[in-house]
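Visitor: Structure of the sequence below:
(2 chains)
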Amino acid sequence: MIDFDSASVQLGHGSGGRLSHQLISELFIRVFSDGHPDPLDDAARLTTRANRLVFSTDSFVVDPVFFPGGNIGDLAINGTVNDLLTSGGTPLAISAAFILEEGFPFRDLKTIVETMKKAADVASVRIVTGDTKVVERGKADKIFITTTGVAEVDHDYAIDCSQIRPGDAIIVTGTVADHGMAILASREGLSLEATIASDTASLGRVVHRLLAAAGDSVHAMRDPTRGGVAAALNELAESSSVGIELIEAAIPIRPPVAGACEILGIDPLLVANEGKMLVAVAPDVTEAALAAIKADPLGSEAAVIGHAHASHPGRLTIRTPLGAGRILDMPLSDPLPRIC
Amino acid sequence: MRYLDDFRDPEISRQLIEAIRQTVTRPWVIMEICGGQTHSIVRNGLDQILPSEIELVHGPGCPVCVTPLAYIDAAIDIATRPGVLFTSYGDMLRVPGSRGSLLTARSEGADIRMVYSPLEALELARENPDKAVVFFSVGFETTAPNGAMAAIQAEREQLDNFSLLVSHVLVPPAIKALLGAPSNRVQGYLLAGHVCAITGWSDYRRIADDFGIPMVVTGFEPVDLLRGILSCVSQLEKGEAHVTNEYARAVREQGNLIARTTVQQVFEVVDRHWRGIGMIANSGLRLRRPYHRFDALRQFDIDVTPVTESGVCISGEILQGLKKPFQCLAFGAQCTPQTPLGATMVSSEGACAAYYAYSQRLNDRKLS
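Guide: A predicted model of the protein is given here:
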C-alpha cells in the first residue's frame, strides 16, 4: 500500500513494473474509473452517435502547482474541456498523462488527482486513459500533466475562429486576468490586502445555455488563456479577416486584480484566464446571448466588450475611456513588470 | 481602485481638455520627461485628443532605455559567471546588449531572477551564502533609494556575497543638457511626479529661471497629465516660467528627506553616459568609497567602456524630443520590440515601444 501521508514518488513508480502498477491501481484507477470496465487497457473504447467529433490537447506546467482558487489538476481538466467547448461540442472523454519529478509527495499527487476527478465530474466528462512517467530530480518541475480530450458535436452550426462577421458583438463571460494575476501574486509572494483567486472553471453549462438561446447566431468562441484577451482577439480578428474594436470601459475586471496589475505595471488584457470564454454573436441576438450567459453563475459578470467591423481586417483596436483609439497588439511574450 | 478611478474620470478629463482649448492660442512644444508618462499619454490617447497646437514630445525618462549598452553587456558578463545569482527588475531582462539579453543568458543556463525590490535580492544573498548575489540597480532618483538601502543593509549584515551593479541616472542634469542643446525645441516641461516625490522640486527652480521655461510636477493618470499640461500652457500663454506642482497628492517641495539622505550616504554623483544621448556631466550615481566592497564592477573586475550603437537608429533624436518614432525608417520594420535597434524600443516605457504597442495608427506607419 502506498503511504499517501508521508511517502514520495520514486523513479520506480514510472518503470512499468510493480511500483507502477501499485500507483495506477491505488490512485489513478481508484479515483478516476467510476466502476467502468477495462480501466487498465492502454486504449479506451468510446461510443458516439455524433458524426462530428472535436479533439484537443494541452499541457500544464504551472508553477506553483497549488495556488489560490485551485491547483494544476483543475487547470488540466478545465483547460482541455474549455478548448473542446469552443466548437460548441459536448466533451466525452479525456486522457491524462503525468510526468512526475522523483520525490514529489504522494499526498500532493493524491490531492491533484482527486481535484481532476472533481473537475471532470462537474464537466460531465470521463477520464478514460492515461500514462505516468517519473523523471530524475531536477529533470522536471514537480508535476507536468498533459490532457487530451474528445467531444461530440450534435449541432450543425458553423462555429469556428474564421466565422466572425462585421457587426458581430464580442462578449466576455466574466472578469479578466484573474488566473494570471493569482499565479503571479502567489509566485512573487505579493502580499495584497485581498487574495486574488484563479478563475479556473469549465464552462459547459454557460456554452450550452448560450447555444440554446442564440443557436447558429454564435459565430466563434475562444478561451483567452495565455496571452489573455489581447492574444485571443488578435487571432480571431486575423482568422476571420475582420477588425475588432474593444471598449476599454466595458471590460469587467475585479478591483484587486486591477490593483495588482497597476502595482506591477502589467496590462490585464495580456494576462491569462482559465475560466472565461470570448464569444462573437450576430448583432440581433446580442441581448439574448448576454442574458443567457448571465443566467449562469459562472457568467454573471458577462459583458459586451466590443464589436467586429469591416475596416482594418486582422486588427484589434481599443477605444479608451477618453474616446481615443489605439491598437492592441499581440503580446510579445509573458508580460514583464515595468521598473516604475 | 476608486481612488485612481477619480484620476481617470472621462468627464473631468473632457473638462480639462476644454479648458486647455480655451487657453491655448498658438503652438507650443511640451516635453514629458518620464517614460511612465509617455506610456500613459499614448495608452490613453491623450496625444490624439489634445488641441493640435500642443505638441507633446517624449523625453529620456526611461531608465531601461538610457542604460548604456556597456552596462547591459557587463550585466550579462557577470550573470554568466559560475557561482553568480543575478537579480534584476523585470523589464531589464529583455533589453538586448551587444550579444543577447539577460533572458537569453538565462535560457543558456545562467541563474538570473526577476525581483521587485533589492530587498528580495538581499534575501537571496542570505539564503545562498555560497553564491555571489548581484542586483542590477538601475533607474532614476525613484529607484536609487532602494539600491542605497540595500547597500546599507548589506553593510549592516556583513553580507559579503552581495553586490550592486549600479547604473542610476539623474533627471535635472539631463534636462539641462537638453535645454542647452542648440537644437532644443522644447518650451515647457512636465516633470516626473515620482522622481519629484523623492527629490522634491527645488532643484528645478534654478533651471526654470535660467532657461525661462515653465516646469510642472505632473502625475501619471489622464487627469494628472491634463492638469499638468493645462498649468504649463497657461504659463506659456502668459509668458511665465515657474515650477508648479500638479501632483500634490504625492509630492512635497522638499521631497522625501529620508530617501534623499540615504541616497547621499551611499552614492556620489559622477558623469554618466546615456544610451542614445551620450555623456552628460554629473548625471549619474556610483557607490561611495565605504561601499566599494559592494560594487559589482570592482568585485568582478569589469570595465564599462561605451559600445557603438546601430547607425540607422534615431533614438538619440527621439530622446531629445527632436523626432517622433514614425519619422524613423527602421520603425516597425527592422526595429520592433522583438528586434530593437536602439534605446527607445527596448523598454515598454520607451517612446518607440509605446508607439509600437499602442499607436501604430492604422495605415499611419509610413507617416514621415
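Visitor: any weak-confidence spans in the chain?
Guide: The chain I'm using is chain A. Applying pLDDT under 70 to chain A picks out residues A:37-41, A:191-193, A:335-340.
Visitor: actually chain B
Guide: B:1-3, B:348-349, B:358-368.
Visitor: shouldn't A:Thr86 be in contact with A:Val279?
Guide: No - assessed by CB atoms under 8 Å, A:Thr86 is found out of contact with A:Val279, at 9.5 Å. (Glycine included, C-beta is placed from N, CA and C.)
Visitor: ok, now which ones touch B:Ala281?
Guide: B:173, B:177, B:271 (CB atoms under 8 Å, 6 or more residues apart in numbering or on different chains).
Visitor: Please give the element, helix or strand, for it.
Guide: Using DSSP states H and E, B:Ala281 sits within strand B:278-287.
Visitor: can you check A:Ile94 too?
Guide: Going by DSSP H and E, A:Ile94 is in strand A:90-101.
Visitor: Following element in sequence after that strand, please.
Guide: helix A:106-122.
Visitor: and that following helix, what does it pack onto?
Guide: Applying 3 or more CB pairs under 8 Å, 6 or more residues apart in numbering or on different chains; DSSP states H and E, we find helix A:106-122 packed against helix A:30-32, strand A:70-71, helix A:72-85, strand A:90-101, strand A:126-135, strand A:143-153.
Visitor: Report the backbone C-alpha coordinates of that helix in CSV.
Guide: Taking Å, rounded to 0.1, in the frame of the first residue of the first chain, the C-alpha atoms of helix A:106-122 are listed here in CSV:
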residue,chain,number,x,y,z
PHE,A,106,2.2,11.4,-2.8
ARG,A,107,-0.1,13.5,-0.6
ASP,A,108,0.1,16.3,-3.2
LEU,A,109,-0.3,13.9,-6.1
LYS,A,110,-3.4,12.4,-4.5
THR,A,111,-4.9,15.9,-3.9
ILE,A,112,-4.3,16.8,-7.6
VAL,A,113,-5.8,13.5,-8.9
GLU,A,114,-8.9,13.9,-6.7
THR,A,115,-9.2,17.5,-7.9
MET,A,116,-9.1,16.3,-11.5
LYS,A,117,-11.8,13.8,-10.8
LYS,A,118,-14.0,16.5,-9.2
ALA,A,119,-13.4,18.9,-12.1
ALA,A,120,-14.2,16.1,-14.6
ASP,A,121,-17.5,15.3,-12.7
VAL,A,122,-18.5,19.0,-12.8
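Visitor: If you count neighbours, what's buried in that helix?
Guide: A:106, A:108-113, A:115-117, A:119-120, A:122 (16 or more other CB atoms under 10 Å in any protein chain shown).
Visitor: ok so, going back, which of the helices and strands packed on helix A:106-122 sits most buried?
Guide: Each of the helices and strands packed on helix A:106-122 was assessed for mean neighbour count using mean count of other CB atoms under 10 Å in any protein chain shown. The highest is helix A:72-85, with a mean of 27.
Visitor: how far is that one from where the chain is centred?
Guide: 5 Å (CA atoms, centre = their mean, to the nearest Å).
Visitor: okay, now the spatially closest residue to B:Leu322 that is not a sequence neighbour: neighbour count?
Guide: Among residues not flanking B:Leu322 along the chain, B:Ser183 sits closest, at 5.8 Å (CB to CB, 6 or more residues apart in numbering or on different chains). Applying other CB atoms under 10 Å in any protein chain shown, we find 9 residues neighbouring B:Ser183.
Visitor: B:Ser183 belongs to a strand, doesn't it?
Guide: No - under DSSP: H, G, I helix; E, B strand; the rest coil, B:Ser183 sits outside any strand and is assigned coil.
Visitor: give the contact list for A:Gly103.
Guide: A:8-9, A:137.
Visitor: Does the residue of chain B most remote from its centre belong to a helix, a strand or coil?
Guide: Distance to the chain centre peaks in chain B at B:Asp130, reaching 34.0 Å (criterion: CA atoms, centre = their mean). What three-state DSSP gives for B:Asp130 is coil.
Visitor: before we move on, what about B:Ala105?
Guide: Per three-state DSSP, B:Ala105 ends up helix.
Visitor: Apart from its neighbours in sequence, what residue is nearest residue 128?
Guide: Using chain A here. A:Ala44 (3.6 Å).
Visitor: Correction: the question concerned chain B.
Guide: B:Leu85 (5.9 Å).
Visitor: Next, the contact list for B:Phe331, please.
Guide: B:325, B:352, B:355-356, B:365.
Visitor: Of these - the most surrounded one?
Guide: Going by other CB under 10 Å, B:Cys352 tops these with 33 neighbours.
Visitor: Can you name the residues in contact with the host helix or strand of that one?
Guide: B:Cys352 belongs to helix B:351-358 when assigned by DSSP H and E. Here helix B:351-358 makes contact (CB under 8 Å, 6+ apart) with A:326-329, B:35, B:38-39, B:42-43, B:58, B:62, B:315, B:318-319, B:324-326, B:328, B:331-332, B:335-337, B:340, B:342, B:344-348.
Visitor: which ones among the residues you listed are found in strands?
Guide: Among the contacts of helix B:351-358, DSSP state E puts A:326-327, B:58 in strands.
Visitor: Who does B:Phe331 form a beta bridge with?
Guide: B:Cys335 (DSSP bridges).
Visitor: Quick check, A:Thr111 in contact with A:Asn71.
Guide: Yes - under the criterion of CB under 8 Å, A:Thr111 makes contact with A:Asn71 at 6.9 Å.
Visitor: Find the closest residue to chain A in chain B.
Guide: B:Gly45 (2.0 Å; CB to the nearest CB).
Visitor: neighbours around B:Pro129, how many?
Guide: Neighbours of B:Pro129 using other CB under 10 Å come to 10.
Visitor: again, but for B:Thr339
Guide: With other CB under 10 Å as criterion, B:Thr339 counts 11.
Visitor: cool, and the one 4 residues further on?
Guide: By the other CB under 10 Å criterion, the neighbourhood of B:Ala343 contains 29 residues.
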